[in-house]
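>>> Next come a sequence and a model predicted from it.
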Amino acid sequence: MTATPALKSEPAEVWITGIGLASSLGEGLDANWDALNAGRVNVDEKTFAPYVVHPWSPVNLDTQIPKKGDQRQMEAWQRIGTYAAGLALESAGVKGNKEILGRMDMVIAAGGGERDIRVDTTILNAKAKGNAPPGFLNDRLMSDLRPTLFLAQLSNLLAGNIAIVHGVCGTSRTFMGEEAAGVDAARIALARIAAGQSDIALIGGSHNGERKDLLLLYGFGDYNLRGEFAPVWQRQEHPGFALGSTGAFLVIESKAHAIARGAKPFARLTRVVSDRSHRRQAGEITASLRKLWGELGGGLKDGGAILSGAQGAEPATSEERAFLGEHPDFAVRATGTRFGHNLDAQFALGIGLAALSISRGALFPPGDSSGVEIEMSKPPTQIVVTATGHWRGEGMALVEAVD
């Protein structure tokens, strides 16, 4: 008779030991931190006019994706994510460690693949001109698309490429669902480690906002920021989000596992909670955020900080602002102002910036003069990260200093 394993009496403490960030502000922690403190914002108002985007800063892909063949078969969002994942593994000191990578879990938040604009345009033009006989569409798709393109549409290929390039070969889970996917990726990974089902995990996501097909998609919903850039809290007259291009990954692990290998934490990931309000009546998003705030626990101290994932789309942004107004002593920062809105990757970005701020003993300066974001002179020891989906889903995380 096989004995049943004893349940853990106390959840394991979970540390953030690696952060990988490649964004519109630069590559790596120092470049992004310096840009944040300098108040720099990198936006492009012309290439995709009338839409505003935050373009990815150029990097040398060879440093994290050494094989040109691997680079060629990936779409841009996969290259961004695979690159940032390599930075996170380096930051945690596990890159190349086959023993750890062989059992490291992955929990990814990812959207669908990118369209081949040239092929789509050719097909649509032929249809419009009446030059499309029966079977034309199938013929073109079979002959014009490279063999890997359809596979590259699959969201779980980001995890697959990370496994191929970096050798992360434990269990793998991919969540789809825009902002809510990022929340669930962090929530599930944290729960597994806290319950003793996993020792170490790579979590995060990536987003390529420089896509005409994506801008068209969100344009149909009137979600895109048009014309000129403005900070998130100053878009009431012209609401919308400016899509960003960012890869954000974290290595999280149990305290015991980190200590055993001599790893130092950036911060502790204490709690991740999620909700999905009906959004049928005004105020439901605000009520959902209040509920999540209560679920973070009674240990929240006044005068902390909040890294908001608000994007500028309405009514989500105004309802989150109403919730933030109930906590005037907290120093708020909208990550969407500095990095644009990165949908699936925005929550991991917020958690990474919270851990980085705690480890550096300071919160970066406010991003506008709206009054929502106030100065914070003391070192932050607790930072709440919010995620309010532009269409659905709400979430929060509590990131704390390690005692």
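That came through, no problem. As the structure is a computational prediction, the values presented were derived from the model and not from experiment.
>>> going forward, measure contacts and count neighbours with C-alpha atoms only.
Noted.
>>> where does the chain have low pLDDT?
1-9, 145-153 (pLDDT under 70).
>>> how does it divide into domains?
Following automatic domain parsing, one gets these domains for the chain: 14-116+148-260, 270-400.
>>> closest one to residue 136 among the ones you listed?
With Cα to Cα, the closest approach to residue 136 among the domains of the chain belongs to domain 14-116+148-260: 17.0 Å.
>>> follow-up on the earlier one: quick one: closest of the domains of the chain to residue 126.
With Cα to Cα as the measure, domain 14-116+148-260 is the member of the domains of the chain nearest residue 126 (15.9 Å).
>>> I'd like the domains of the chain as a markdown table, with distance to residue 141 appended.
Putting the domains of the chain into a markdown table (distance: least, Cα to Cα, whole Å) gives the following:
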| stretch | distance to residue 141 |
| --- | --- |
| domain 14-116+148-260 | 10 |
| domain 270-400 | 28 |
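>>> of all those domains, which lies closest to residue 130?
domain 14-116+148-260 (21.6 Å).
>>> Indicate which one of the domains of the chain is closest to residue 129.
domain 14-116+148-260 (20.4 Å).
>>> how distant is that closest one from the center of its chain?
6 Å (Cα atoms, centre = their mean, to the nearest Å).
>>> Next up, the contacts around the residue nearest the centre of the chain.
The chain has residue 345 as the residue nearest its centroid, 1.6 Å off, counting by Cα atoms, centre = their mean. By Cα atoms under 8 Å, 6 or more residues apart in numbering, the contact list for residue 345 reads 109-110, 179, 182, 204-207, 246-248.
>>> Which ones among the residues you listed map onto helices?
179, 182 (DSSP state H).
>>> Just the closest of the contacts of residue 345 to residue 287, please.
residue 179 (18.2 Å).
>>> what about that closest one, distance to residue 186?
According to Cα to Cα, to the nearest Å, residue 179 stands 11 Å off from residue 186.
>>> try residue 229
From residue 229 to residue 186 the distance is 30 Å (Cα to Cα).
>>> More neighbours: those two, which one.
Counted by other Cα atoms under 10 Å, residue 229 and residue 186 do not tie: residue 186 has more neighbours, with 27 against 21.
>>> Which residue ranges of the stretch 101-250 of the chain form strands?
Taking DSSP state E, counting those that start in this stretch as the test, the strands found in the stretch 101-250 of the chain are 105-109, 172-175, 200-207, 243-244, 246-254.
>>> Could you dump those into TSV with distance to residue 392 and mean neighbour count added?
Listed next are these as TSV, based on distance: least, Cα to Cα, whole Å; neighbours: other Cα atoms under 10 Å:
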stretch	distance to residue 392	mean neighbour count
strand 105-109	15	27
strand 172-175	15	19
strand 200-207	18	31
strand 243-244	17	30
strand 246-254	21	30
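>>> who wins for proximity to residue 279 among these?
strand 172-175 (22.0 Å).
>>> Strand partners (parallel or antiparallel) of the closest one?
Here strand 172-175 has these sheet partners by DSSP bridges: strand 105-109 (parallel).
>>> In contact with residue 395, which residues?
With Cα under 8 Å, 6+ apart, residue 395 has these contacts: 180, 183, 272-275, 289, 292, 386-388.
>>> Please apply the same query to residue 204.
Applying Cα under 8 Å, 6+ apart, the residues near residue 204 are 107-109, 182, 185-186, 247-250, 345, 348-349.
>>> Quickly list what it is bridged to.
residue 108, residue 249.
>>> What's the separation between it and residue 243?
From residue 204 over to residue 243 (counting by Cα to Cα), the distance is 17 Å.
>>> ok, now residue 45?
11 Å.
>>> what sits in contact with each of these two?
52-53.
>>> quick one: the residue nearest to the centre of the chain is in a helix?
Yes - assessed with DSSP: H, G, I helix; E, B strand; the rest coil, residue 345 lies in a helix.
>>> what about residue 384, is that helix, strand or coil?
Recorded secondary structure, residue 384: strand (three-state DSSP).
>>> Please report how far it lies from residue 184.
Counting by Cα to Cα - residue 384 and residue 184 are separated by 16 Å.
>>> can you check residue 160 too?
Counting by Cα to Cα - residue 160 and residue 184 are separated by 19 Å.
>>> swap in residue 56?
25 Å.
>>> Report the contact partners of residue 215.
51, 209, 224.
>>> out of the contacts of residue 204, which one sits closest to residue 12?
For the contacts of residue 204, the nearest to residue 12 is residue 186 (15.4 Å; Cα to Cα).
>>> count of neighbours near residue 216?
So residue 216, with other Cα under 10 Å, has 13 neighbours.
>>> how about it, what does it touch?
Counted by Cα under 8 Å, 6+ apart, residue 216 has zero contacts.
>>> What sits closest to residue 392 if chain neighbours are left out?
residue 276 (6.5 Å; Cα to Cα, 6 or more residues apart in numbering).
>>> these two touch, right, residue 35 and residue 25?
Yes - with contact defined as Cα atoms under 8 Å, residue 35 counts as touching residue 25 (6.3 Å).
>>> which neighbours do the two share?
Shared contacts of residue 35 and residue 25, counting by Cα under 8 Å, 6+ apart, come down to residue 41.
>>> These two: which is more packed in?
With neighbours defined as other Cα under 10 Å, residue 35 and residue 25 compare such that residue 25 has more, 26 against 18.
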